Structures are given as structure tokens and as C-alpha cells.
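A.B. asks: Mind looking at a prediction? Sequence and model below.
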Amino acid sequence: MAKKKAAVIGAGSWGTALAQVLADNGHSVQLWGRRSEQSEEINQTHINSRYLPDVVLNSTIKAYSDLSATDADNDYIICAVPTKAIRETIKQLRPLLHEHSILVHASKGIEPGTFKRISEMMEEELEGASYKAVAVLSGPSHAEEVGIKQPTTVTVSSKHLEAAAAVQDLFMNNYFRVYTNEDMIGVEIGGALKNIIALGIGMTDGLGYGDNTKAALMTRGLAEITRLGVALGANPMTFIGLSGLGDLIVTCTSEHSRNWRAGHLLGKGKKLDDVLDEMGMVVEGVRTTKAVFALAQAENVEMPITSALYSVLFEEEPPLQAADRLMGRMKKNEEESSFMGRNEGGRES
Ligand SMILES: NC(=O)C1=CN([C@@H]2O[C@H](COP(=O)(O)OP(=O)(O)OC[C@H]3O[C@@H](n4cnc5c(N)ncnc54)[C@H](O)[C@@H]3O)[C@@H](O)[C@H]2O)C=CC1
Ligand SMILES: O=C(CO)COP(=O)(O)O
């Protein structure tokens, strides 16, 4: 592929790792972070010591901290900020876009209150602006492993198929393999909701439960993610792909996952606020649990694991009690309660 110009917005773990992939592919890369000390550190030492300390960054990456200094002739803008920062970031980027701009988001969340997916929030903020397309990049991809070039596979999706193919070409290399998928709803829902299940599994691991419990939560978690996704218009097959099952596996089983680690501390008896302070990095699953608990009610979709987690996070239910409550629900048929979308006729899942 011809060399392109890209700006990566967000110099946390994920933005830094994605900037590295693009620079390794020979593209010209700007990396924006809020703190000028961090930009100076990256430019001078090629290390992001707070977020990706074990990775020596490609020396061609140009870090900066003034968002308005984003080059207006970038073809690609990659947004890797936490979900809560998406709207304000897009508002600031808007004047810098042009008719060929492709905006790719790599964040995983749902907005509480509006229940919007990230691409929907972006499109809303971009109403009337000049740009080509919005795309999502998602899948099983811990920054720590991408940063050291371990084989990784992800999915890119966009309503604009040509843009998705262009993003695939932009990122693809011998350690970062990119697939396309036309189901943007499914890709975004899978990426956001696996964090809820990873928090839950961290919690049961913290309580001392073992692999049977983990497999139960992953399998039944995937069922409830799929149920909601199908109700929202997703293709159920997407949920057994990279952005669904793939990301669920990596987030629920890896020591790198912040969601798993936060759940683990909660399972050990720590309070949510203390856990979030201790993490010092974004734990998207907390906010996503709040959003999805309300969304599931609005859509009349049964999500018992999400509900149990909501009670622990926001209603101070002890984790052990929530786990007992999940196990004590009325009996079910596995097949009927797996992928059937909305709850019609009083069916509980
Ligand atoms: N870390 C990973 O391996 C992966 C993370 N993601 C997703 O990428 C997104 C970003 O996550 P990470 O980079 O891991 O987070 P992080 O916690 O490592 O870094 C967050 C970054 O966002 C910045 N930030 C925080 N609030 C901000 C605001 N209001 N405005 C602008 N910047 C702000 C912080 O300064 C920091 O640079 C999340 O949605 C996450 O789910 C997706 C795939 C992999
Ligand atoms: O999304 C991720 C890996 O694909 C990262 O998960 P955490 O945010 O839990 O670290």
C-alpha cells in the first residue's frame, strides 16, 4: 500500500500500540496525548512509560499534545480515547476534517443514557461536517502484546465498504492481521459488552471460583450479548467471530485485562471507587454495565449476568450473594434461552 498520513488520537495503551503498527507499516504517524510531558517523553526517548513501558516505539512517531495541531492533510484519524471522551474529541477534530477523511475508532463502550454505540456518537457529532466514513477496529488485541509484535487478529467494519477495505490495508502486516466484517452493530456491541463479562469473571476468580465458573460465565455471557445484539439488528454470527467470542476469550483470560483485574479486586472485597483509583487506567466495563443494564430493560432482553454485575457495582450487593442469585434462577432450556433476542411471552433467560 502507498504510504499514508495518519493521526492517532489518544496516547494511552491502545493508541500507542496502534501508532506503533502504523509506523511499522511505514506510514507517517502523529500521536496525540493530553499531557505535554508525555509527548516530550515519546519524542525524546521513544517510550510511553505510563501506558506501555515495555515497548520501544518506532522513532518516526511524532507525539504532540495540542489537538488543533493535528495535520489537516491526514487521510486517517484513529480515535483511541475512552468512550466518555469520544464526543468532546470529535467536536475538536471536526474543523480539521476533509472530504477524504476516514475516522476509525478503536474504543469499546456504549453511552449511558442515549445507549449509542461509538460510531453513532461520532456520526452525531459529525453531522454536516465534511468526511468520508466512520469505521470501527475491534477484536482480541491487548496493547501490551501488539506493542511487542505478537501475532494478533482484529476486525474492521464500516457502512462504507471501501473505507473498511482501506483501513484493512492501512493496518495489515505480518503480526497484525485485519479482517473486514459488514456488521458494524455486531462488531461494536461484541467489543463493548465483553468487558461486562470480563469484570464478572474477574470477580468470580477473586471469590476463589475456578474454571467451571469461568466457562459458565463466558458461554452464558456470550448468549446474553448475542441476544441483545440480535434485538438491536446485529448478525448473530458476528458474535462467534473475532470481535465477539475472540475478544471475550482474551479479555476474560488474560492478566493484561483491566476489566478482569478490576473485577478480581472487587471479588477480593474492595470497593469500586478504590478499585478504579488503584487501576489508574480506563475500565470501560463499569460504565458499559450501567448503560447496558438500562438498554436491556428498554429492549426487553433478559441479561441476568449484566443485571447481577449491575447490583454489585451500583447497588452494593455482595459478589457472593449475586453469584448465588444467578445460580438459583428458574430452570431453563439451553437452546431456547440462548440467542432468541427479545423476551416475548414472559420467557426468562
Ligand atoms: N488497552 C488495550 O489493550 C485496548 C483498549 N481498547 C479500548 O481503547 C480505548 C482506550 O483505552 P486504553 O488506551 O487502553 O486506555 P488507557 O487507560 O491506557 O489510556 C487512556 C488514555 O485516554 C486519555 N484520556 C482520558 N480521559 C480523556 C479525555 N477526557 N479526553 C482525552 N483523553 C482522555 C488518557 O490521558 C490516556 O492517554 C478504550 O475504549 C479501550 O476499551 C481497545 C482494544 C485494546
Ligand atoms: O479490549 C481489550 C483487548 O481486546 C482490552 O481489554 P481491557 O480494557 O479489559 O484491558
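C.D. replies: Received it, and whenever you're ready, just let me know what you need. Ligands and ions are numbered 1, 2, ... in the order given.
A.B. asks: For the residue nearest the centre of the chain, which residues are in contact?
C.D. replies: Central residue check for the chain by Cα atoms, centre = their mean: the C-alpha nearest the mean position is that of residue 108, 2.2 Å away. Taking Cβ atoms under 8 Å, 6 or more residues apart in numbering as the definition of contact, the neighbours of residue 108 are 83, 138, 191-192, 194-195, 284, 288. Heads up, the C-betas are built off the backbone N, CA and C, glycines and all.
A.B. asks: tell me the mean pLDDT for the helix or strand residue 156 falls within?
C.D. replies: Residue 156 belongs to strand 152-158 when elements are defined using DSSP states H and E. The predicted model gives strand 152-158 an average pLDDT of 98.
A.B. asks: List the neighbouring strands of that strand plus their orientation.
C.D. replies: strand 133-138 (antiparallel), strand 176-180 (parallel) (DSSP bridges).
A.B. asks: For residue 199, see how far away the residue lying closest to residue 224 once chain neighbours are set aside is.
C.D. replies: In space, not counting the residues next to it along the chain, residue 224 is nearest to residue 303; the distance is 4.5 Å by Cβ to Cβ, 6 or more residues apart in numbering. Separation of residue 303 from residue 199 (Cβ to Cβ, to the nearest Å) stands at 14 Å.
A.B. asks: still on that earlier bit, could you tell me which residues within the strand holding residue 156 count as buried?
C.D. replies: Of the residues in strand 152-158, those scored as buried under the neighbour-count criterion (16 or more other Cβ atoms under 10 Å) are 152, 154-158.
A.B. asks: Quick check: beta-bridge partners of residue 30?
C.D. replies: In this structure, residue 30 has beta-bridge partners residue 7, residue 62, where bridges are defined by DSSP bridges.
A.B. asks: would you list the contacts of residue 108 in a markdown table and tack on neighbour count?
C.D. replies: What follows is the contacts of residue 108, written out as a markdown table (neighbours: other Cβ atoms under 10 Å):
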| residue | neighbour count |
| --- | --- |
| 83 | 23 |
| 138 | 30 |
| 191 | 32 |
| 192 | 27 |
| 194 | 33 |
| 195 | 30 |
| 284 | 24 |
| 288 | 27 |
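A.B. asks: And the strands in the chain?
C.D. replies: Assignment of strands within the chain using DSSP state E yields the ranges 5-9, 28-32, 62-64, 76-79, 102-105, 133-138, 152-158, 176-180.
A.B. asks: Leaving out sequence neighbours, find the closest residue to the closest residue to ligand 1 within the chain.
C.D. replies: Among the residues of the chain, residue 12 lies closest to ligand 1, at 1.8 Å counting by Cβ to the nearest ligand atom. Among residues not flanking residue 12 along the chain, residue 51 sits closest, at 5.0 Å (Cβ to Cβ, 6+ apart).
A.B. asks: The one you found against residue 13, yeah?
C.D. replies: Yes. When contacts are counted by Cβ atoms under 8 Å, residue 51 is listed as touching residue 13 (4.5 Å).
A.B. asks: Find residues that contact each of those two.
C.D. replies: By Cβ under 8 Å, 6+ apart, residue 51 and residue 13 have these common neighbours: 143, 281.
A.B. asks: Have a look at the two and say which one is more surrounded.
C.D. replies: Neighbours were counted for residue 51 and for residue 13 using other Cβ atoms under 10 Å; residue 13 has more, 24 against 21.
A.B. asks: how close does the more buried one get to residue 134?
C.D. replies: 23 Å.
A.B. asks: now do residue 23
C.D. replies: With distances taken as Cβ to Cβ, residue 23 is found 23 Å from residue 134.
A.B. asks: Neighbour count: the two, which is higher?
C.D. replies: Remark: of residue 23 and residue 134, residue 134 carries more neighbours, 25 against 20, as counted by other Cβ under 10 Å.
A.B. asks: What residues does that one make contact with?
C.D. replies: When contacts are counted by Cβ under 8 Å, 6+ apart, residue 134 touches 102-105, 119, 122-123, 126, 158-160.
A.B. asks: Select only the buried ones of those in PyMOL?
C.D. replies: Of the contacts of residue 134, the buried ones can be selected in PyMOL as follows, counting by 16+ other Cβ under 10 Å:
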select buried, resi 102+103+104+105+119+122+123+126+158
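A.B. asks: wait, which of the contacts of residue 134 is closest to ligand 2?
C.D. replies: Within these, proximity to ligand 2 (Cβ to the nearest ligand atom) peaks at residue 105, which comes in at 12.9 Å.
A.B. asks: Give the bridge partners for the closest one, please.
C.D. replies: Checking residue 105 by DSSP bridges, which sets the bridge assignment, gives partners residue 79, residue 136.
A.B. asks: Thought residue 119 was touching it, still the case?
C.D. replies: Yes. Using Cβ under 8 Å as the test, residue 105 is close enough to residue 119 to be in contact (6.6 Å).
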